[in-house]
Structures are given as C-alpha cells and as structure tokens.
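[1] Pasting a predicted model and its sequence here:
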Amino acid sequence: MSFLAEISAEALDFSKDGKWVTYTQYPEGSLWRARSDGSERVQLTSGPLYVFRPRWSPDGTNQVFFGPAPGHPWKLYLVSKGGGTPKQLISDDANEGDPAWSPDGTRPAFGRLPWMPGSGETPALFILDLDSMHTSTVPGSENLFSPVVAIRSLFGRCQRRLQQVDVV
C-alpha cells in the first residue's frame, strides 16, 4: 500500500468513516494509528505486548485487539485511539483471540485459542459486555473460534464455513 510506504505493517483495520487506519508494525508488534493517507502517524502501544488484529470500535474511540505478553496467555486488550497503556479485558488464564465489535460498540465478541500449548479450552465464541465485564457463550458456537470466519480441518483438508453471529 503506497500510503504506508517503507513501513513494514500487518493487520490493517480502517475506521468506520475511512479516515483512520491502525496497523501492527512488524517485527516490533507495536500498534500504530495514522490518517488513511499515511499522515499523522502515532504509536499507540509499545512492547513487550505483541498486538494482533486490532479492530476499531464503531464510534472510532477505541481499539480492541489480542496478543501475548511474555509468559502469559493470549488476552484481549482495549486501548483508546490516543494510545496509552492497554487494558486487559479478562483476567482468567484462558487464551482469547480474534475480536470483533458488536454494532453498538459495547460488546466485543471473541473466540478461544484451543491449539495454544497448555490450553484446555473448548472452541466457542463469547461476548464480553464492557459495562458489566460479564462474559457469555454464544449459543450454537461450539467448535468455532472466530466471530467472522471459522476454519475447520476435516480429514486433512480445510473447509471454510462462514457464520454470522448476532451480537445485538
């Protein structure tokens, strides 16, 4: 992409209005925000946390993402569009990943990461209410790990299954 010329970036996500983009700078793993034309670059996070798949909140005020801190499971984090210390959203020992926002921006949906070493989690989708900090399982989401696209391996080949989950 020409607007991020000479920047090694992954996991781009554009704000709903298209004016902003966030990305993970590779190989450092820090989260950055810039205007869609590449101007006004601001670093939002710094190590040792490696940021994966940042997602803009619908109102454009926050980013939810997941990542590992050294020696800890993969967790969900929230950081404002201005940056700062990311807030870990769930304090248990389970791995969490691949967040997506509810349309009203109050509840990120996410999956568990059962393939991670030492993990005993069952794959399913969950919703976290940011007001109450209560997590609930999405009915019918067993064996799914991503709120957007679930990939399952069947008999040595991949089958892609799209699933829409209503989080309203």
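    Nice, I can see it.
[2] Quick one: neighbours of Met116, just the number.
    Close neighbours of Met116, defined as other C-beta atoms under 10 Å, add up to 15. Bear in mind the C-beta positions are built from the backbone N, C-alpha and C, glycine included.
[3] Phe66 is in contact with that one, correct?
    No. Using C-beta atoms under 8 Å, Met116 makes no contact with Phe66, being 11.5 Å away.
[4] Now do the contacts for Pro73.
    Shown in contact with Pro73 (C-beta atoms under 8 Å, 6 or more residues apart in numbering): 93-96, 116, 119.
[5] mind redoing it with 7 Å?
    By C-beta atoms under 7 Å, 6 or more residues apart in numbering, the contact set of Pro73 is 93-95.
[6] which of those lies closest to Ser39?
    Asn95 (36.2 Å; C-beta to C-beta).
[7] Just give the nearest non-adjacent residue to the closest one, would you?
    Leaving out its chain neighbours, the residue that sits closest to Asn95 by C-beta to C-beta, 6 or more residues apart in numbering is Leu113, at 3.8 Å.
[8] From Pro73, how far out is the one you found?
    8 Å (C-beta to C-beta, to the nearest Å).
[9] intersection of neighbour lists for those two?
    Asn95.
[10] which residues does the residue nearest to Asn95 contact?
    Contacts of Leu113 by C-beta under 7 Å, 6+ apart are 74, 95, 97, 119, 145.
[11] Of the residues you listed, keep whichever come out buried.
    When the contacts of Leu113 are checked for burial by 16 or more other C-beta atoms under 10 Å, the buried set is 74, 95, 97, 145.
[12] and the residue sitting nearest the centre point of the chain, what element?
    The residue lying closest to the centre of the chain (C-alpha atoms, centre = their mean) is Phe65, at 3.2 Å. Counting by DSSP states H and E, the element that carries Phe65 is strand 62-68.
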